[in-house]
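J.: Got a predicted structure plus its sequence, pasted below:
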Amino acid sequence: MAKVAFIGLGNMGGPMAINLAKAGHQVTAFDLSASALAQVKAEGVASAGSAIAAVTDAEFVISMLPAGKHVIGLYLGEQGLANHIAKTALVIDCSTIDAASARKVGAGLAEHGIAFIDAPVSGGVGGAKAGTLTFITGGAAADFERAKTVLSNMGKNLFHAGDIGAGQVAKICNNMLLSILMAGTSEALQMGIDNGLDPKVLSDIMLKSSGRNWTLELYNPCPDVMENVPSSNGYQGGFLVDLMAKDLGLALEASLQSNSSTPMGSLARSLYVTHQRAGHGKLDFSSIFKMFEKKS
Ligand code: NAD
């Protein structure tokens, strides 16, 4: 079992740190929020007074923070952890951030002789609690193998996408496609409803036809077509519109940097940001269906 430092105990990081402690790792955590630290303490996660204190002697340093600026601020610069992490440690950043920031952190840590992989996740808060997350990593193959010691206690599917930053690129490609599928499925279902079809019948037809996709199979956006999905529960729970809008912003930035043509992704971002600005940021992302709905 390993000595692990965990930085960032939010909706995702809290349950991930708890799963590591339950698996027998010696976990010491730090968060800027005292209440986040207090919540995991009862579950066997020790709290440190600072990020520096948490990483002292750690074999693995894991971070789960909101955005690239937080990750860069944590590791680099005069106050950065790069000056305090053991050279034998592996740093694993699980936050969803832009690939350029991940590469910057990797290069900054490498200057101190410290290994790094980016390892964003898919699976949401439910997956974090259940320990069934998908990790999509970027970095050296040997570091990916080393990371399995801890990643396997927090997730079920572990992928190696390529060099540092590749995990972030793969994650935003997936989420961009997901947003396009969700918006397209919503639009098709509503057109069927507007033309007199029962959305359940239409969903069954499309599931056995060439329009079949993940959203129809597991996450139908139309209320009451499927049980136990956010659309049938007032769009509560699941993956927030706020987070999808953030990921689509990262996708747009990446496409600008690589000069890629992403007309569908750009349109999906506009739809999601408009939906977010209309006050739906805290709803599940399948609530994009509401944008197409005919208001009575
Ligand atoms: P969150 O806002 O709930 O948690 C972030 C935590 O980081 C907070 O507790 C905050 O206090 C802490 N923090 C910020 N800066 C810090 C610092 N310098 N030192 C220590 N602690 C610091 O966010 P979340 O929902 O847990 O998401 C974390 C990351 O995971 C994000 O990048 C998000 O995009 C990604 N993600 C989230 C989900 C989801 O469903 N919530 C799914 C997949 C990926």
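T.: Perfect, I can see it now.

J.: Confirm A161 sits in a helix?
T.: No - the assignment for A161 by DSSP: H, G, I helix; E, B strand; the rest coil gives strand, which leaves it out of any helix.

J.: how near is it to I117?
T.: 10 Å (CB to CB, to the nearest Å). No exception for glycine: its C-beta is placed from N, CA and C like everyone else's.

J.: These two: which has the busier surroundings?
T.: Using other CB atoms under 10 Å as the criterion, A161 and I117 rank with I117 on top: 26 against 20.

J.: which parts of the helix ranked longest in the chain are buried?
T.: Longest helix in the chain, counting residues (DSSP state H): helix 166-194. The neighbour-count check on helix 166-194 (16 or more other CB atoms under 10 Å) flags 166-190, 192-193 as buried.

J.: for the closest residue in space to T96 that isn't next to it in sequence, what are its contacts?
T.: For T96, ignoring the flanking residues on the chain, the nearest one in space by CB to CB, 6 or more residues apart in numbering is P120 at 4.6 Å. Residues in contact with P120 (CB atoms under 8 Å, 6 or more residues apart in numbering) are 94-97, 135-136, 167-168, 171.

J.: Please give the number of neighbouring residues around the residue of the chain found nearest the ligand.
T.: Across the chain, the shortest distance to the ligand (CB to the nearest ligand atom) belongs to G10, at 1.7 Å. Residues within reach of G10, counting by other CB under 10 Å, total 17.

J.: pretty sure it contacts A36?
T.: Yes - with contact defined as CB atoms under 8 Å, G10 counts as touching A36 (6.6 Å).

J.: K3 against I62, yeah?
T.: No - counting by CB under 8 Å, K3 stays clear of I62, with 11.7 Å between them.

J.: more neighbours, those two?
T.: Ranked by neighbour count (other CB under 10 Å), K3 and I62 place I62 first, with 26 against 16.

J.: In a strand, the more buried one, correct?
T.: Yes - counting by three-state DSSP, I62 is part of a strand.

J.: Does it touch F6 like I think?
T.: Yes - if you go by CB under 8 Å, I62 and F6 touch, sitting 5.0 Å apart.

J.: What's the end-to-end length of stretch 33-49?
T.: For stretch 33-49, the first and last residues are 11 Å from each other (CA to CA, to the nearest Å).

J.: And that stretch, what's buried?
T.: For stretch 33-49, the neighbour count (16+ other CB under 10 Å) marks 36-37, 39-40, 45, 47-48 as buried.

J.: give me phi/psi at F135?
T.: Backbone geometry at F135, expressed as degrees, to the nearest 10, gives phi -100, psi 130.

J.: Count residues in the vicinity of it, would you?
T.: F135 has 28 neighbouring residues, counting by other CB under 10 Å.

J.: how about the helices in the stretch 1-150 of the chain?
T.: For the stretch 1-150 of the chain, the helices defined by DSSP state H, counting those that start in this stretch cover 13-22, 34-41, 51-55, 68-75, 99-111, 124-130, 141-151.

J.: Flag the shaky bits of this structure, pLDDT-wise.
T.: Across the chain, nothing is flagged by pLDDT under 70.

J.: Break it down into its domains, please.
T.: 3-162, 169-292 (automatic domain parsing).

J.: Highest mean neighbour count out of these?
T.: domain 3-162 (a mean of 20; mean count of other CB atoms under 10 Å).

J.: need the contact list for A5.
T.: A5 sits next to 27-30, 48, 51, 54-55, 58, 60-62 when contact means CB under 8 Å, 6+ apart.

J.: Same list (the residues you listed) but as JSON lines, adding distance to D204.
T.: Formatted as JSON lines, the contacts of A5 follow (distance: CB to CB, whole Å):
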{"residue": "V27", "distance to D204": "46"}
{"residue": "T28", "distance to D204": "51"}
{"residue": "A29", "distance to D204": "47"}
{"residue": "F30", "distance to D204": "50"}
{"residue": "A48", "distance to D204": "53"}
{"residue": "A51", "distance to D204": "52"}
{"residue": "A54", "distance to D204": "51"}
{"residue": "V55", "distance to D204": "53"}
{"residue": "A58", "distance to D204": "52"}
{"residue": "F60", "distance to D204": "47"}
{"residue": "V61", "distance to D204": "49"}
{"residue": "I62", "distance to D204": "43"}
